[in-house]
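Undergrad: Have a look; sequence and predicted model below, questions after that.
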Amino acid sequence: MDIYKLDEKKLQITDLRQGVKNLNRVNVFVDGEFSFSLDVAQAVDFKLKVGTRLSEERLEELKSASEFGKIYQRTLEWVLMRPRSIGETRDYLQRKLREVSSGTASRRPVFTGGARLRSRQQPPKDPLEASLELSNKIVSCLCEKGYLNDERFAEWYVENRFTNKGISKKRLKMELMKKGISSEIIEKVLDVRNDEEEILKMIARKRTKYNDEKLIQYLCRQGFDYQLVQNLVQTYEKD
């Protein structure tokens with residue numbers, strides 16, 4: 001394409017249509033062609049209307065907002081399914097952004113109303129850097145709105161993890177660390193679980209399956225202290 005013909009683009013919003021599959025999104029047409037979509041709240045915030053003229057920079061900003069809105073909505077729905085940690089959410093976003101990148105990289109159309117001209121003047125942003133920036137922005141927004149809170153997540157996790165079956169503090173600590181929870185928060189929330197009570201739950205469930213020696217070995221493998229396990233196993237029948 002002759003690059004000089006790009007200057008003939010008016011970069012004007014010529015139509016705004018409600019999304020077909022998602023009624024909460026607005027499809028934006030620029031110079032008679034579909035360009036991007038935004039959720040209704042974004043469209044209102046940006047005060048978009050038919051006839052609005054756009055600079056190349058403004059159009060790129062709106063397209064970035066479009067990508068943010070779509071990924072943000074998916075992430076919000078995922079977070080609302082059950083409490084999530086910030087670390088879990090970052091991992092989720094990395095997976096989703098990789099899927100989007102690998103699934104659309106070869107088919108995604110290149111906007112010719114200025115992006116190609118500007119790419120001659122400055123190198124495009126590194127994809128990994130762009131993904132990290134988008135991920136950080138989404139996580140920050142979810143934290144600000146109260147959808148993500150590591151301490152609240154850790155409290156929920158500890159209170160609900162194997163409440164009937166029993167679980168050691170050591171194992172809980174390891175699981176929370178894998179989910180990106182800080183040591184300070186972990187120590188704070190583990191007070192609600194008592195290893196002695198957890199051991200007794202597990203003895204009650206496994207007593208008929210193991211003899212004393214194997215039961216002690218089993219409980220120690222679950223992360224409980226050997227001396228505490230031995231004492232409770234030996235006194236369980238008497239109690």
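TA: The structure has been received and is ready for your questions. Residues are numbered from 1 along each chain as shown.
Undergrad: helix, strand or coil for the residue nearest to the spatial centre of the chain?
TA: Central residue of the chain (C-alpha atoms, centre = their mean): residue 89, 2.5 Å from the mean position. Three-state call for residue 89 (DSSP: H, G, I helix; E, B strand; the rest coil): helix.
Undergrad: ok, now how distant is residue 14 from residue 39?
TA: The spacing between residue 14 and residue 39, counted by C-beta to C-beta, to the nearest Å, is 20 Å. C-beta here means a position set from N, CA and C on the backbone, and glycine is covered the same way.
Undergrad: can you give me the strands in the protein?
TA: Ranges of strands in the chain, per DSSP state E, are 13-18, 25-30, 33-39.
Undergrad: Going by neighbour count, which residues of the last one are buried?
TA: The neighbour-count criterion (16 or more other C-beta atoms under 10 Å) identifies 35, 36, 37, 38, 39 as the buried residues of strand 33-39.
Undergrad: now these as a markdown table including distance to residue 192 and pLDDT?
TA: Compiled in a markdown table, the buried residues of strand 33-39 are given as follows (distance: C-beta to C-beta, whole Å; pLDDT from 0 to 100):
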| residue | distance to residue 192 | pLDDT |
| --- | --- | --- |
| 35 | 52 | 92 |
| 36 | 48 | 92 |
| 37 | 45 | 92 |
| 38 | 44 | 92 |
| 39 | 39 | 88 |
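Undergrad: can you put the residues you listed in TSV and add distance to residue 226?
TA: Compiled in TSV, those are given as follows (distance: C-beta to C-beta, whole Å):
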residue	distance to residue 226
35	66
36	62
37	60
38	60
39	56
